[in-house]
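Chemist: Okay, predicted coordinates and the sequence, questions at the end:
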Amino acid sequence: MLLPGMSLTLGSGRWCRIKPKPRVRLWTVYIEEDLLRRCMARFLPDRGRVRVGLHPHDWDGRPIVMSPGLPVLRRVEPVWRQLSVLRDGDLPPEIVAVRSIELFARWVGVVLPTFVRSEPVAQASSFRTPIDGRLTDSSAIGQVGKAARLLREHMEQPWTASALARAVALSRSQLTRLFVVRTGIAPMRFLTEVRLTEFTRLIEETDLSVALAARKVGWQDARVASSWFSRRYGATPSRYRAKPHPHCADCMG
């Protein structure tokens, strides 16, 4: 089970039997595996200093669980938020590419001690549970992927499940079924997470009022935004601005 302060790395096409502890905030980051290996090989030039099994030339894609700790993950969470909204259509692709590499380097810079032998870090271990499960039907990836992109890129719109289904030429029930299979949650719940991520970034990184930040992500009623925010962080947006993560000692994984 993934506990607060832990991280899981899983190779492309792999599945494993591991679940996060209930009520743990979980970030899922997808990176092209070959790019990840090439970048990490550059960041870890001395293979002899890297903990066994963690160097990209040694890793075979099997699940790796590490415990960098909550303080480390809190430091990289703002980087994840910035990465999650890079492809919003407002920036040229060249700038997106450069910014992505810059943010990735910042992320690795924070977690790098976890990989190096000479640092007093938590133990890393590979799960022995057999790889289990199957990949999503490839024929469903296109529509679901398009639907997810529409929600991310146009979160400010008043989406409904029916409107989203029409936009990707599927029935509402078919879209919902495929979306749950592919992402684990229904489309409108996915939209809530997208909005909440961007709303949190605006609260943490800008001086926008709560009401304006809410409208920018598609919540016309600031009370709705504040309610979702409070459920996630245990504090109102205003209180969070004054003291980020006031009640999150055990809420991140």
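Modeler: Sure thing, it's come through.

Chemist: can you map out the helices along this protein?
Modeler: 33-43, 70-84, 93-111, 138-153, 161-167, 172-183, 187-205, 210-216, 222-233, 237-242 (DSSP state H).

Chemist: Which pLDDT value goes with residue 154?
Modeler: Residue 154 carries a pLDDT value of 93.

Chemist: Now for it, how many residues are close by?
Modeler: Using other C-beta atoms under 10 Å, residue 154 is surrounded by 14 other residues. From N, CA and C alone the C-beta is placed, and that goes for glycine too.

Chemist: Setting aside sequence neighbours, what's the nearest residue to residue 243?
Modeler: Counting by C-beta to C-beta, 6 or more residues apart in numbering, residue 235 is the residue found nearest to residue 243 once chain neighbours are left out, at 7.8 Å.

Chemist: what's the spacing between that neighbour and residue 242?
Modeler: Distance, residue 235 to residue 242, by C-beta to C-beta, to the nearest Å: 9 Å.

Chemist: between these two, which one's more packed in?
Modeler: More crowded of residue 235 and residue 242, by other C-beta under 10 Å: residue 235, with 18 against 10.

Chemist: Now do the phi/psi pair for the more buried one.
Modeler: The phi/psi pair for residue 235 (degrees, to the nearest 10) reads phi -160, psi 150.

Chemist: could we number from 764 for the rest of this?
Modeler: With 764 as the first residue, the last one maps to residue 998.

Chemist: give the contact list for the nearest residue to residue 819 once chain neighbours are set aside.
Modeler: Nearest residue to residue 819, sequence neighbours excluded (C-beta to C-beta, 6+ apart): residue 800, at 4.0 Å. Residues in contact with residue 800, defined by C-beta atoms under 8 Å, 6 or more residues apart in numbering, are 819, 820, 822.

Chemist: Now do residue 800 against residue 775, distance only.
Modeler: 10 Å.

Chemist: ok, now residue 995?
Modeler: Note on residue 995: its distance to residue 775, by C-beta to C-beta, is 29 Å.

Chemist: Who has more neighbours out of the two?
Modeler: residue 995 (17 against 12).

Chemist: mind checking pLDDT for that one?
Modeler: Looking at residue 995, its pLDDT is 81.

Chemist: go on, the one 10 residues further on?
Modeler: Per-residue pLDDT puts residue 1005 at 79.

Chemist: contacting residues for it?
Modeler: By C-beta under 8 Å, 6+ apart, the contact set of residue 1005 is empty.

Chemist: swap the cut-off to 10 Å and go again
Modeler: 998, 999 (C-beta atoms under 10 Å, 6 or more residues apart in numbering).

Chemist: still on that earlier bit, what is in contact with residue 800 and residue 775 at once?
Modeler: 794, 824.

Chemist: what about the protein, any weak spots by pLDDT?
Modeler: Where the chain drops to pLDDT under 70, the residues are 848, 850-854, 881-904, 1007-1016.

Chemist: Let's see that with 80 instead.
Modeler: Applying pLDDT under 80 to the chain flags residues 764, 778-782, 784-788, 841, 844-855, 880-905, 944-947, 1005-1016.

Chemist: Name the residue most distant from the centre of it?
Modeler: Distance from the C-alpha centroid of the chain peaks at residue 811, with 30.6 Å (C-alpha atoms, centre = their mean).

Chemist: Tell me the spacing between it and residue 879.
Modeler: Per C-beta to C-beta, residue 811 is found 10 Å from residue 879.

Chemist: same deal with residue 808?
Modeler: Going from residue 808 to residue 879 by C-beta to C-beta gives 11 Å.

Chemist: Those two: which has the busier surroundings?
Modeler: Between residue 808 and residue 879, counted using other C-beta under 10 Å, the more crowded position is residue 879 (14 against 8).

Chemist: Appreciated, that's everything.
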